[in-house]
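Colleague: Would you be able to build a 3D model of this:
(4 chains)
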There are 2 protein chains.
Amino acid sequence: MTSQPTTGERRRDADRTKAEILAVAQREFARNGYAGARVDEIAELMRTTKRMIYYYFGSKERLYIAVLEKAYTEVRQVERTLDVEHLAPVEAIRTLAELTFDHHDAHREFIKLVSIENIHQAEHIRKSEVLANLGTPVLDLISRILDAGRARGDFVTKADAIDVHMMISAFCFFRVANQHTFGALFGRDMTAPEHRARLRRMVGEMVVGYLRGDP
Amino acid sequence: MTSQPTTGERRRDADRTKAEILAVAQREFARNGYAGARVDEIAELMRTTKRMIYYYFGSKERLYIAVLEKAYTEVRQVERTLDVEHLAPVEAIRTLAELTFDHHDAHREFIKLVSIENIHQAEHIRKSEVLANLGTPVLDLISRILDAGRARGDFVTKADAIDVHMMISAFCFFRVANQHTFGALFGRDMTAPEHRARLRRMVGEMVVGYLRGDP
DNA sequence: GTGGTTACGAACTAGATAGTTAATTAACGT
DNA sequence: ACGTTAATTAACTATCTAGTTCGTAACCAC
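Modeller: Residues are numbered from 1 along each chain as shown, chains lettered A, B, ... in the order given. From the prediction side, this is the model:
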């Protein structure tokens, strides 16, 4: 009568358990930093027990690295879907900047993980083979846009793809990562709706203005 | 015979002890984050004992807040010495950007403290009355430069002082704060000498290019 | 000098925290 | 049916860590 389906609602499911640990751990690490995160707290927020964290991940540090690997891999997946090369160079780079803006806006937890990792001088990223071999498709895209723009004479400034990527990332990352201290000191919430749209336009204008160079 | 001088090499000196605690604590917090910092470790790196931390600061959190207050106050002092208003608006804003670049370059520990504080959603800054009432002289300076530039027709773009300050800070802060993950993922050390000068010029060109607007 | 106050040191503690031990149960092939 | 293995649970522990207790010594006013 009560035949359990092999797939579907199983009581023992390694994949599901692992995924749940990673999801809960990501929240906990992003909220409290590496040292501030509590393994017991992660355990309490799961349907399973702390033992499973050690069963699947071995240690707090390896769990943290697994969280980083998952987060970075997902972000790279999104980067691969960027499609702006049908646009003219100026519009392509502006759109890329605005999409980067949207992407940072939508992935606050990832940004916190990156900030945390920088405090630790990226020591965990460097321990991960997965992350060392993660390509950076966005750099090739920027390279091609820059070449096209220079061929047409739209871009004068000589800066390479990494520089441009850095400039765009800096703006988008800072707005989200530093929103709290910035808000406390300047009384402006950069992530509030009334500023979001303006800043989004601003990042596009900024890169384009820079690449166009001297009038 | 062995009369101790009252000033000079005293064995008991509240000011010196407090200052040493703050200096060592700043290093420890900047290196390890708030939760990762160890009160015992701070104590070991001092000539005095852990007891004195609690004697003068009461708790780990209040010590951390005191570190933030000292660091922010010093940074504001430097901002007050900025002198660019004798320059034409375009050069003034470019120079301001480059000096901001230098300043971030020279205060890595401060930048880490700010990153850490953002991970904690600025909860400690908000607890500090000192920091709440710390003015922001740089904003007035930017305002005046923008007004002068618009009056001359050099600047077209309409952005307020906070926006411009944010744009400059984002670039300068990101280069230092995210150097480790950026380096690990893109294979470029943004703080290395061979990139420093170019990026310094870049931040000036970026703001000027943005403010000049459409050619 | 002496009484009081401020600055200081060594040893201690209660609770938190990462990691473990060992026993148990579900799934699955044969 | 049944033995094997992978998944899971509950209770335990060694260590670490923020914060304390209590006693002592330097400094100052008089």
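Colleague: how about low-confidence regions in chain A?
Modeller: A:1-10, A:215 (pLDDT under 70).
Colleague: Residues of it that sit close to DNA strand D?
Modeller: Within reach of DNA strand D by CB under 7 Å from any atom of the strand, chain A has these residues: A:R12, A:D13, A:A14, A:R16, A:T17, A:R47, A:T48, A:T49, A:K50, A:R51, A:M52, A:Y55. (C-beta placed from N, C-alpha, C; glycine too.)
Colleague: Please pick the buried ones from those residues.
Modeller: Buried by 16 or more other CB atoms under 10 Å in any protein chain shown: A:T17, A:M52, out of these.
Colleague: From the residues of chain A next to DNA strand D, pick the one nearest B:L82.
Modeller: A:K50 (52.7 Å; CB to CB).
Colleague: Next one: that closest one from DNA strand C, what distance?
Modeller: Applying CB to the nearest atom of the strand, to the nearest Å, one obtains 6 Å for the distance of A:K50 from DNA strand C.
Colleague: what's the following helix or strand after the helix or strand encompassing A:V75?
Modeller: Applying DSSP states H and E as the criterion places A:V75 in helix A:60-80. Counting by DSSP H and E, the element after helix A:60-80 in chain order, helix or strand, is helix A:89-106.
Colleague: wait, does the lengthiest helix in chain A make contact with chain B?
Modeller: Using DSSP state H to define each element, chain A has its longest helix at helix A:14-36. Yes - counting by CB under 8 Å from any CB of the partner chain, chain B has neighbours in helix A:14-36: A:N32, A:G33, A:Y34, A:A35, A:G36.
Colleague: Of those residues - the most surrounded one?
Modeller: A:G33 (23 neighbours; other CB atoms under 10 Å in any protein chain shown).
Colleague: Return the residues in contact with that residue.
Modeller: A:I116, A:I119, B:G33, B:Y34, B:A35, B:G36, B:I116, B:I119, B:H120 (CB atoms under 8 Å, 6 or more residues apart in numbering or on different chains).
Colleague: which residues touch A:G209?
Modeller: Per CB under 8 Å, 6+ apart, neighbours of A:G209: B:T157, B:M206, B:G209, B:Y210, B:L211, B:R212, B:G213.
Colleague: what about it, which SS state?
Modeller: Using DSSP: H, G, I helix; E, B strand; the rest coil, the structure places A:G209 in helix.
Colleague: can I assume A:M202 is in contact with B:A159?
Modeller: Yes - here A:M202 lies in contact with B:A159, judged by CB atoms under 8 Å, at a distance of 6.7 Å.
Colleague: which residues do those two both contact?
Modeller: B:M167, B:Y210.
Colleague: can you tell me which residues contact A:H124?
Modeller: A:Y34, A:E61, A:Y64, A:I65, A:L68, A:E117.
Colleague: what helix or strand does it sit in?
Modeller: Per DSSP H and E: helix A:123-127 holds A:H124.
Colleague: With distance to B:R152 as new columns, can the residues of helix A:14-36 next to chain B be given to me in a markdown table?
Modeller: Below are these laid out as a markdown table (distance: CB to CB, whole Å):
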| residue | distance to B:R152 |
| --- | --- |
| A:N32 | 50 |
| A:G33 | 48 |
| A:Y34 | 51 |
| A:A35 | 52 |
| A:G36 | 51 |
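Colleague: quick one: what helix or strand has the residue positioned nearest the centre of chain A in it?
Modeller: Nearest to the geometric centre of chain A sits A:F110, at 4.6 Å (CA atoms, centre = their mean). Following DSSP H and E, the helix or strand that holds A:F110 is helix A:108-119.
Colleague: list the buried ones in that helix?
Modeller: Across helix A:108-119, burial judged by 16+ other CB under 10 Å covers A:F110, A:I111, A:K112, A:L113, A:V114, A:S115, A:I116, A:E117, A:N118, A:I119.
Colleague: State the number of residues packed around A:R188.
Modeller: So A:R188, with other CB under 10 Å, has 16 neighbours.
Colleague: ok, how many other residues are close to A:H104?
Modeller: Neighbours of A:H104 (other CB under 10 Å): 22.
Colleague: residues in contact with it?
Modeller: With CB under 8 Å, 6+ apart, A:H104 has these contacts: A:I111, A:C172, A:F173, A:R175, A:V176.
Colleague: which residues are contacting the helix holding A:V75?
Modeller: With CB under 8 Å, 6+ apart, helix A:60-80 has contacts from A:21-22, A:25-26, A:29, A:34, A:37, A:39, A:42, A:53, A:57, A:103, A:107, A:109-110, A:113, A:117, A:124-125, A:127-128, A:130-131, A:134-138.
Colleague: Would you write a PyMOL line that selects the buried entries of those?
Modeller: Under the burial definition 16+ other CB under 10 Å, those of these that qualify are selected in PyMOL by:
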select buried, chain A and resi 21+22+25+26+29+34+37+39+42+53+57+107+110+113+117+124+125+128+131+134+136+138
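Colleague: so the helix or strand encompassing A:L185 versus helix A:108-119, what angle?
Modeller: Under the criterion of DSSP H and E, A:L185 resides in helix A:179-186. Inter-element angle recorded for helix A:179-186 and helix A:108-119: 80 degrees (by axes from the mean of the first three to the mean of the last three CA atoms, to 10 degrees).
Colleague: ok, back up a step: and the furthest pair within the contacts of A:G209?
Modeller: Longest span within these, CB to CB: B:M206 and B:G213, 13.2 Å.
Colleague: Write out the residues of chain A neighbouring DNA strand C.
Modeller: A:4, A:6, A:10-12, A:37-40, A:50-51, A:54, A:59-61.
Colleague: Mind checking which of those residues land in strands?
Modeller: Among these, no residue falls in strands (DSSP state E).
Colleague: Tell me which of the residues you listed fall in helices.
Modeller: A:V39, A:D40, A:K50, A:R51, A:Y54, A:K60, A:E61.
Colleague: Need the max-distance pair from those residues.
Modeller: Longest span within those, CB to CB: A:R51 and A:E61, 17.2 Å.
Colleague: ok, the helix or strand hosting A:L146 near chain B or not?
Modeller: Taking DSSP H and E as the criterion, A:L146 maps to helix A:137-152. Yes - using CB under 8 Å from any CB, helix A:137-152 reaches chain B at A:L139.
Colleague: I'd like to know which elements the very next helix or strand once past that helix is packed against.
Modeller: Reading on from helix A:137-152 to the C-terminus, the next helix or strand found by DSSP H and E is helix A:161-177. Packing partners of helix A:161-177 (3 or more CB pairs under 8 Å, 6 or more residues apart in numbering or on different chains; DSSP states H and E): helix A:89-106, helix A:108-119, helix A:137-152, helix A:193-212, helix B:161-177, helix B:179-186, helix B:193-212.
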